[in-house]
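A.B. asks: Next one to model:
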Amino acid sequence: MKKPAIVSTRSKPSGESLAGRAYQQIRDEILRGDLSIGDVLSRRKLADRLNMSFLPITEAMQRLEAEGLVESRPRIGTRVRIPTEQDIRNSYVIREALESQAARLCAEQITASEKKQLLRSARHLDDLHRVSGPEAEDSRFLFSVHTYHMQFHLRIAELAQCPGLSSAIEKAQVLVFNWLYDTAADNNKTPPRFHSNLADALCSGDPLVADAAMRTHIRNGLDWVLERLANSEHGNSWRLKSGRS
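C.D. replies: Numbers count the residues shown, from 1 in each chain. Model prediction:
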């Protein structure tokens, strides 16, 4: 089956620094799953692989650590962050609180033309998810699907016409963290019309219907992610059920 087309939503600034390029490359590799949860990150190896000096790699790692994607541990060094159960639950709770409010406001504010665009995007996203399961080995395609999915949810926040709320969703990194957890748990399957049903609720004009639909939408898959990431536990940290030992 031919993959549905994905319109790129990412661009590189012309004046991007070496540290910025290193940050984007390492971040993308984490979100693609090329660097898995718990993988140790050697600054020197990264510098050699990315053909950069030690300094921009260090700056990139500091930024990734500040954002919570990597962590430094004594006797281990720097690694892709291993989330605790509470980390995962917190991310879902915060995302539900922010996005359910965005859904309510979106239902009240969305125009007729915006409804058509949102419904069309939702159908396209469902098509992408439908083919991403059988082709899960294609990490770049899955990365593009996740990127489109994140932009879909950010668009809902924009349609709420509350810039502060949109900013809060982006700053909280909840969409990025859920992306990371889904990738780590190999959670590529979604129910049929998963996003179309959400879009229908958002276009209903009823904020209560939109709120309930968004909460159900976000909670879907949480138990699966927790089960996959909780199987091998070391202290307060988890490792992948079927990942590296």
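
A.B. asks: Please work out how many residues are found near Ser72.
C.D. replies: The tally of other residues near Ser72 (other C-beta atoms under 10 Å) stands at 13. From N, CA and C alone the C-beta is placed, and that goes for glycine too.

A.B. asks: Domain parsing of the chain, as residue ranges.
C.D. replies: The chain resolves into domains spanning 18-82, 85-230 when parsed by automatic domain parsing.

A.B. asks: need those domains in JSON lines with mean pLDDT, can you?
C.D. replies: Converted to JSON lines, those look like this (pLDDT from 0 to 100):
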{"stretch": "domain 18-82", "mean pLDDT": "93"}
{"stretch": "domain 85-230", "mean pLDDT": "91"}
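
A.B. asks: Could you give the number of residues near the residue nearest to Ala184 when sequence neighbours are not counted?
C.D. replies: Among residues not flanking Ala184 along the chain, Ile37 sits closest, at 4.7 Å (C-beta to C-beta, 6 or more residues apart in numbering). Ile37 has 24 neighbouring residues, counting by other C-beta under 10 Å.

A.B. asks: Tell me which helix or strand Ile37 sits in.
C.D. replies: Remark: Ile37 resides in no helix or strand, with elements defined by DSSP states H and E.

A.B. asks: Also Leu165?
C.D. replies: Leu165 is part of helix 163-171, with elements assigned from DSSP H and E.

A.B. asks: Summarise which helices and strands that helix is packed against.
C.D. replies: Using 3 or more C-beta pairs under 8 Å, 6 or more residues apart in numbering; DSSP states H and E as the contact criterion, the elements in contact with helix 163-171 are helix 85-109, helix 139-159.

A.B. asks: so the residue nearest to Ala184 touches Leu180, yeah?
C.D. replies: Yes - counting by C-beta atoms under 8 Å, Leu180 is a contact partner of Ile37 at 7.5 Å.

A.B. asks: returning to what we had before: any idea how far Phe194 is from the residue nearest to Ala184?
C.D. replies: Counting by C-beta to C-beta, to the nearest Å, the separation of Ile37 from Phe194 is 25 Å.

A.B. asks: need the contact list for the closest residue to Leu98 other than its chain neighbours.
C.D. replies: Leaving aside its sequence neighbours, Leu98 sits nearest to Ile169 (C-beta to C-beta, 6+ apart; 5.0 Å). Under the criterion of C-beta atoms under 8 Å, 6 or more residues apart in numbering, the contact partners of Ile169 comprise 95, 98-99, 102, 153-154, 157, 175.

A.B. asks: contact partners of stretch 207-223?
C.D. replies: Stretch 207-223 is contacted by residues 88-89, 92, 95-96, 99-108, 182, 187, 190-191, 194-195, 197-198, 200-202, 204 when judged by C-beta under 8 Å, 6+ apart.

A.B. asks: Find the residue at the geometric middle of the protein.
C.D. replies: In the chain, the centroid-proximal residue (C-alpha atoms, centre = their mean) is Trp179; its distance is 2.6 Å.

A.B. asks: okay if I get the contacts of Ile169 as CSV plus distance to Gly68?
C.D. replies: Putting the contacts of Ile169 into CSV (distance: C-beta to C-beta, whole Å) gives the following:
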residue, distance to Gly68
Arg95, 14
Leu98, 16
Glu99, 19
Ala102, 22
His153, 19
Leu154, 19
Ala157, 20
Leu175, 13
